[in-house]
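[1] one predicted model, sequence on top.
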Amino acid sequence: MTPRTDFPPVRACLFDMDGLLLDTEDLYTLCINLILEKYGRPKLPWSIKAKLQGRPGPQANKLLHDWAQLPITPEEYHKQYYELQAQHFPSTQPLPGIPTLLSDLARTRYWDMEKNKESRAGETAPTPHRVHIALATSSHKSNFLLKTSHLTELFSVFETHRRVLGDDERIAPGRGKPLPDIYLLALKTINDSLPEGEKPITPEECLVFEDSVPGVEAGRRAGMRVIWAPHPMLKKEYEGREKEVLAGRTYEAGEVDTHQLGEVDDGWAEYRGTLVDFPYERFGIVVPPVEVEGEGWMLETGKLADGEVVEVVGRA
């Protein structure tokens with residue numbers, strides 16, 4: 001089919017966390033393999049790991065336990081698993097390009113300044129605009145804090161009310177990725193807190209950043225554009241099926257109404273091997289120069305989910 005090219009400028013970017021913002025995927029694998037080795041089971045293959053990625057913890061753990069057939073109860077497995085995570089997750093770091101990407105998007109707050117709006121009046125070129133950002137992660141709150149408590153500055157760009165976690169009570173049980181609920185809720189958190197007079201953002205004005213296949217399907221089913229930036233081994237696992245992934249047609253949620261899915265080569269999603277040097281202009285995003293971070297208007301105080309007060313200056 002002919003890919004669509006007349007998309008409106010992106011007004012909101014919605015981010016997954018594990019394997020997209022943070023280098024947690026290899027740490028997850030390490031923790032699982034330590035348990036598998038302890039009980040004489042084979043290492044976790046990417047064919048199974050691919051099904052675990054992006055899903056809420058309880059669903060992912062059940063899939064793993066059903067495959068591994070460990071001689072321990074799920075409860076004992078969870079206990080050992082989370083003890084290992086507590087050892088290894090505090091070492092997580094952002095993936096390449098992420099600090100700059102988040103910093104650049106946060107700095108688009110500059111375009112909200114009244115003097116900039118006035119100076120652009122009457123321009124015929126596309127008007128620079130703020131790009132709102134939100135987090136949509138399947139990690140539960142305790143797990144989220146374990147991975148991010150040493151990265152408060154990086155995550156300060158996500159306002160507390162625009163962080164949707166896997167145990168958010170507004171998401172019904174069993175409605176995690178690959179279902180679209182988490183991304184639709186993330187968009188709602190943005191629209192519910194837009195400045196007075198700013199029109200609501202539509203799904204097609206959103207850009208989802210995902211690394212997992214279930215996450216890509218969730219974004220596509222939410223009616224949003226998607227950037228797929230997978231782990232190299234996940235990309236290899238889906239070699240030859242990339243177009244299905246980008247269309248959200250891997251049926252990670254089983255058979256669904258086809259009207260919720262994308263079409264192959266429809267232009268709504270694309271693969272990127274890295275998020276370094278992200279091409280903002282292709283998505284109608286204009287990033288202000290880094291020098292504007294020093295302006296007093298750009299300084300504001302925010303409170304993180306754990307109660308810590310930080311100064312948010314539009315940089316990560």
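    Cool, got the structure.

[2] how about the helices in this protein?
    Using DSSP state H, the helices of the chain run over 25-38, 46-52, 57-68, 74-88, 98-107, 114-119, 141-148, 152-155, 181-191, 213-221, 232-237, 242-247.

[3] now mean neighbour count, distance to residue 16 and mean pLDDT too, for the ones you listed, in CSV please.
    Quick note: C-beta positions are derived from backbone N, CA and C, even for glycine. Converted to CSV, the helices of the chain look like this (neighbours: other CB atoms under 10 Å; distance: least, CB to CB, whole Å; pLDDT from 0 to 100):
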stretch, mean neighbour count, distance to residue 16, mean pLDDT
helix 25-38, 17, 11, 96
helix 46-52, 17, 14, 89
helix 57-68, 16, 14, 86
helix 74-88, 15, 18, 94
helix 98-107, 21, 12, 97
helix 114-119, 10, 31, 54
helix 141-148, 19, 12, 94
helix 152-155, 17, 13, 96
helix 181-191, 22, 9, 97
helix 213-221, 28, 5, 94
helix 232-237, 14, 13, 95
helix 242-247, 19, 14, 96
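
[4] quick one: low-confidence ranges for the stretch 201-316 of the chain?
    Counting by pLDDT under 70, the ranges of the stretch 201-316 of the chain that qualify are 252-260, 296-316.

[5] try 80 this time
    Residue ranges of the stretch 201-316 of the chain with pLDDT under 80: 251-261, 294-316.

[6] hang on, the earlier thing: can I get the helices of the chain in a markdown table with distance to residue 132?
    Shown next, in a markdown table, are the helices of the chain (distance: least, CB to CB, whole Å):
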| stretch | distance to residue 132 |
| --- | --- |
| helix 25-38 | 27 |
| helix 46-52 | 30 |
| helix 57-68 | 27 |
| helix 74-88 | 31 |
| helix 98-107 | 9 |
| helix 114-119 | 16 |
| helix 141-148 | 20 |
| helix 152-155 | 16 |
| helix 181-191 | 5 |
| helix 213-221 | 16 |
| helix 232-237 | 28 |
| helix 242-247 | 24 |
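
[7] out of the ones you listed, which is closest to residue 294?
    helix 98-107 (11.3 Å; CB to CB).

[8] which strands and helices sit next to that closest one?
    Applying 3 or more CB pairs under 8 Å, 6 or more residues apart in numbering; DSSP states H and E, we find helix 98-107 packed against strand 132-136, helix 152-155.

[9] of the helices of the chain, which is nearest residue 161?
    For residue 161, the closest of the helices of the chain is helix 181-191, at 5.9 Å, according to CB to CB.

[10] tell me which residues are up against the closest one.
    If you take CB atoms under 8 Å, 6 or more residues apart in numbering as the criterion, helix 181-191 is touched by 12, 14, 132, 134-136, 138, 161-162, 164, 166, 168, 170-172, 175-176, 200-201, 203, 206, 208, 218-219, 222, 224.

[11] quick one, which of these are buried?
    Buried members of these, counted by 16 or more other CB atoms under 10 Å: 12, 14, 132, 134-136, 138, 162, 164, 166, 168, 171, 176, 201, 203, 206, 208, 218-219, 222, 224.

[12] columns distance to residue 291 on top of the helices and strands packed on helix 98-107, output as TSV?
    TSV is the format used below for the helices and strands packed on helix 98-107 (distance: least, CB to CB, whole Å):
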stretch	distance to residue 291
strand 132-136	21
helix 152-155	20
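
[13] so for residue 86, which of those sits nearest?
    Proximity to residue 86 (CB to CB) singles out helix 152-155 among the helices and strands packed on helix 98-107, at 18.4 Å.

[14] mind listing what the spatially closest residue to residue 236 that is not a sequence neighbour touches?
    Excluding its sequence neighbours, the residue lying closest to residue 236 (CB to CB, 6 or more residues apart in numbering) is residue 46, at 7.4 Å. By CB under 8 Å, 6+ apart, the residues touching residue 46 are 233-234, 236-237.

[15] swap in residue 261?
    Residue 261 sits next to 217, 220-221, 247-249 when contact means CB under 8 Å, 6+ apart.

[16] which member of those residues is positioned nearest residue 100?
    Among those, residue 220 lies closest to residue 100 (CB to CB), at 26.4 Å.

[17] okay but that closest one is in contact with residue 245, surely?
    No. With contact defined as CB atoms under 8 Å, residue 220 does not reach residue 245; the gap is 9.5 Å.

[18] okay, and the common contacts of those two?
    Between them, residue 220 and residue 245 share no contacting residue, judged by CB under 8 Å, 6+ apart.

[19] how about residue 84, what does it touch?
    The contact partners of residue 84, taken as CB under 8 Å, 6+ apart, are 30-31, 34-35.

[20] nearest to residue 101, of those?
    Proximity of these to residue 101 was ranked by CB to CB; the top entry is residue 30 with 25.9 Å.

[21] next up, the contacts around the closest one.
    Contacts of residue 30 were listed using CB under 8 Å, 6+ apart, and they are 84, 88.
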